[in-house]
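Novice: I'll drop the sequence and a predicted model, then ask my questions.
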Amino acid sequence: MSSASEPVSSATRFVRACLRQPVDRTPVWFLRQAGRYMREYMEVRKHHSLLEICKNPDLAAEVTITAAEKLDVDAAIIFADLLLPLECMGLDFEFQAGEGPVIHKPIRSAADVDALITTRASQLEYVAEAIRKVVAHFHDQLGIIGFCGAPFTLASYMIEGGGSRNYIETKQLMYRRPDAWRRLLDKLVVVLREFAAQQVAAGADVIQIFDSWAGALAIPDYRDFVLDATRTLVREVQGLGVPVIYFGVDTASLLPAMRETGADVLGLDWRTPLDQAWRGLDYACALQGNLDPITLFAEPELIRNRVHSILDQAAGRPGHIFNLGHGIVPGTPVENVQAVVKFVREYAPSEARHG
Ligand code: CP3
């Protein structure tokens, strides 16, 4: 615990928690904290497409800053999208209303993998430029989170051409063309490392790696086909001098294997109780999570109970970052998101039970 006379900035609190160092209170931020549930974002969206916002550093910074200030969170995640690196690798895509992303010519063969370009990551500098603007606004006060996709989740979009239920094309390539699969993941790691390096150079304090769909994998498949490339990416990003948060959904059984990537923090979905997950990991990393985002549609009293229950499970152990188990969905009442921040703050943290 730092002493009461020594004010701690949100940035310090957030980074210290990522490194499992003691903090004065649990830091809090939200997955998809800037998004369609927020009036200010929808106002910007009226005039600009999602990709226009991502590629315009002034707009991306504005959306990032507005959300972080409105919610009074400890960290701001840069407004961008997981799929941006696909474009510089030679795959065009668009966001179709109501359908999510559509990749025009998905990868289906070894030749398609070989055609991917890995030397144009500099085209992604607009994200770093937006980070510079956010840093200039918050200085060292707020934690600044950069992010990228994980090799598996990005490969699945490249191969399926969009979201998927069963990942048949992805797993087929993985099982039947393991050499092409490995080359694909290796190429992604080259680009993602460079993308992360740009964000860190611009001032990102932490990088979150989203493996949103890793939960589709059985443990042996994750170990045989995904773990090595992911571990390489995690290590390379840590080598840039920042902690890494590695996040996935539906990952209860995968957590020990995910831990082997060496990530500083694992992002936990809401299906696994936090205390059980942490014990299962021998407390060997920090945890971020894990309120069900749909709880935000409940009455404040129930929300408070759930928030405090998660904090009870963390039990003051260094290395917990409060968040949702997945992103805020459209239609979520903003005041309930703000209430969560209040409930985290009012939780009596003083006697850490693990000190
Ligand atoms: O505040 C923040 O969290 C930062 C912004 C952010 C966006 N995408 C903007 C966005 C972040 C962190 C992402 C990451 C992302 N993008 C992920 C991983 C996170 C997760 O949810 O697991 C994924 C899988 C994507 C790909 C993607 N982008 C999909 C599948 C969709 C469509 C989803 C839908 O609900 O329509 C998007 C679109 C998208 N990216 C939106 C936002 C705010 C919503 C669409 C819009 O504004 O038009």
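Specialist: Everything's here; your move.

Novice: residue 22 is in contact with residue 16, correct?
Specialist: Yes: using Cβ atoms under 8 Å, residue 16 is in contact with residue 22, at 7.3 Å. For every residue, glycine as well, the C-beta is placed using N, CA and C.

Novice: quick one: end-to-end length of stretch 251-265, please.
Specialist: With Cα to Cα, to the nearest Å as the measure, the ends of stretch 251-265 fall 14 Å from one another.

Novice: now do stretch 249-264
Specialist: Using Cα to Cα, the two ends of stretch 249-264 sit 17 Å apart.

Novice: ok, residues contacting that stretch?
Specialist: Stretch 249-264 is contacted from outside by 18-20, 209, 211-217, 219, 222-223, 227, 230-231, 234-235, 238, 243-246, 248, 266, 268-269, 271-272, 277, 280-281, 284-286, 325-326, using Cβ atoms under 8 Å, 6 or more residues apart in numbering.

Novice: can you give me the helices in the stretch 251-355 of the chain?
Specialist: For the stretch 251-355 of the chain, helices defined by DSSP state H, counting those that start in this stretch occupy the ranges 255-259, 274-280, 300-314, 334-346.

Novice: now swap in the stretch 101-250 of the chain and tell me
Specialist: 110-114, 125-138, 151-160, 168-176, 178-201, 219-225, 227-238.

Novice: for the fourth one, buried residues please.
Specialist: Neighbour-count burial for helix 168-176, with 16 or more other Cβ atoms under 10 Å as criterion, is recorded at 169-171, 173-174.

Novice: which of those residues sits closest to the ligand?
Specialist: Closest to the ligand out of the buried residues of helix 168-176 is residue 170 (14.0 Å), distances taken as Cβ to the nearest ligand atom.

Novice: quick one: residue 308 from the ligand, how far?
Specialist: 25 Å (Cβ to the nearest ligand atom, to the nearest Å).

Novice: I'd assumed residue 342 was in contact with that residue.
Specialist: No: with contact defined as Cβ under 8 Å, residue 308 does not reach residue 342; the gap is 11.7 Å.

Novice: list just the nearest of the buried residues of helix 168-176 to residue 11.
Specialist: residue 170 (37.2 Å; Cβ to Cβ).

Novice: from the ligand, how far off is residue 316?
Specialist: 28 Å.

Novice: one step back: reformat the buried residues of helix 168-176 as a markdown table; add distance to residue 121 and pLDDT.
Specialist: Output for the buried residues of helix 168-176, formatted as a markdown table (distance: Cβ to Cβ, whole Å; pLDDT from 0 to 100):
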| residue | distance to residue 121 | pLDDT |
| --- | --- | --- |
| 169 | 25 | 98 |
| 170 | 23 | 98 |
| 171 | 27 | 98 |
| 173 | 23 | 98 |
| 174 | 24 | 98 |
